[in-house]
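take this sequence and fold it.
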Amino acid sequence: MNYQQQMKLKRWLNKPFLTYTFLGIQTIIFLLMFLSPTLDRWFYVNGTMFGPSVAFNHEYWRFVTPIFIHFGLSHYALNSVVLYFMGSQIEAIYGHGRFFVIYILSGVMGNLASFALNGEGIIAAGSSTALFGMFGAFLILGIHFKDNPTIQGMTRQFVLFVGMSLLFGVFDRTIDIWGHVGGIIGGLLLGSVVSLAQHKERYSIHERIIAGGVFIFLVAVFFMMGIRKYGFL
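Below you'll find the predicted structure:
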């Protein structure tokens, strides 16, 4: 590989390609659902978060697949805009691998919370579980970078945004409030676990271990609560 090829590869790797990938996946799925009633029904039946299917049929992929499924144009458009702008920033700050962990596992945590705490028979989907995980991962930066006025300013804005979003979710029955809560908790914990590669000295090893332990504990608790709700324990 010559120098020019190396530079092209480096420039490509510096782009938020995982953000674009996640955005591309949910766009393709949305178009398939929009253009084909058969596929729309298939994704709705087989890919959304639906507690009975997890508890009775062991369809555990439903903790992941709802991240990429949306109900309607406005739902898809709003989440896609947030993912495009916020995802690019988070991926640039944390790096590709850490961003992948934060986005996917926060989404899983959100869907686990939905499974555990929502009423029986509720169907939920959308990337907002993972998006709130991104917000949580950014908010944790405010604790570790108190000497950075830019991060502090953005953190205050996100705190206000998250607070208003959760408040609206309490009054809007169409919003999966527990999915949002689970997502942001996941992001807060995972932001501490993965830390920042170039600033690891700001994160104590004890904090990272405790955050990882709490994340695993909550995963187990939410899963057991969901299973118990359907009479298996």
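
please enumerate the helices of the chain.
Assigned by DSSP state H, the helices in the chain fall at 3-13, 17-35, 37-47, 51-57, 73-94, 96-117, 128-144, 149-171, 177-194, 205-229.

the ones you listed: lowest mean pLDDT?
With a mean of 56, helix 3-13 has the lowest mean pLDDT of those.

out of the helices of the chain, which is closest to P66?
helix 96-117 (5.6 Å; CB to CB). For glycine as for every other residue, the C-beta is placed from the backbone atoms N, C-alpha and C.

now for the residue positioned nearest the centre of the chain: which residues touch it?
When CA atoms, centre = their mean is applied to the chain, the residue found nearest the centroid is A130 (1.2 Å). Residues in contact with A130 (CB atoms under 8 Å, 6 or more residues apart in numbering) are 22, 67, 103-104, 106-107, 110, 183.

weed out the non-buried ones from those.
22, 67, 103-104, 106-107, 110, 183 (16 or more other CB atoms under 10 Å).

does A116 really touch F222, like I thought?
Yes: if you go by CB atoms under 8 Å, A116 and F222 touch, sitting 4.1 Å apart.

looking only at neighbour counts, state which of the two leads.
Higher neighbour count among A116 and F222: F222, with 24 against 20, using other CB atoms under 10 Å.

about what we covered before: dump the helices of the chain into a markdown table; add distance to F63 as well.
Converted to a markdown table, the helices of the chain look like this (distance: least, CB to CB, whole Å):
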| stretch | distance to F63 |
| --- | --- |
| helix 3-13 | 29 |
| helix 17-35 | 16 |
| helix 37-47 | 11 |
| helix 51-57 | 8 |
| helix 73-94 | 18 |
| helix 96-117 | 5 |
| helix 128-144 | 10 |
| helix 149-171 | 20 |
| helix 177-194 | 11 |
| helix 205-229 | 9 |
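
coming back round to it: turn the buried ones among the contacts of A130 into JSON lines, including distance to A137.
Output for the buried ones among the contacts of A130, formatted as JSON lines (distance: CB to CB, whole Å):
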{"residue": "F22", "distance to A137": "15"}
{"residue": "I67", "distance to A137": "15"}
{"residue": "Y103", "distance to A137": "9"}
{"residue": "I104", "distance to A137": "12"}
{"residue": "S106", "distance to A137": "7"}
{"residue": "G107", "distance to A137": "12"}
{"residue": "G110", "distance to A137": "13"}
{"residue": "G183", "distance to A137": "10"}
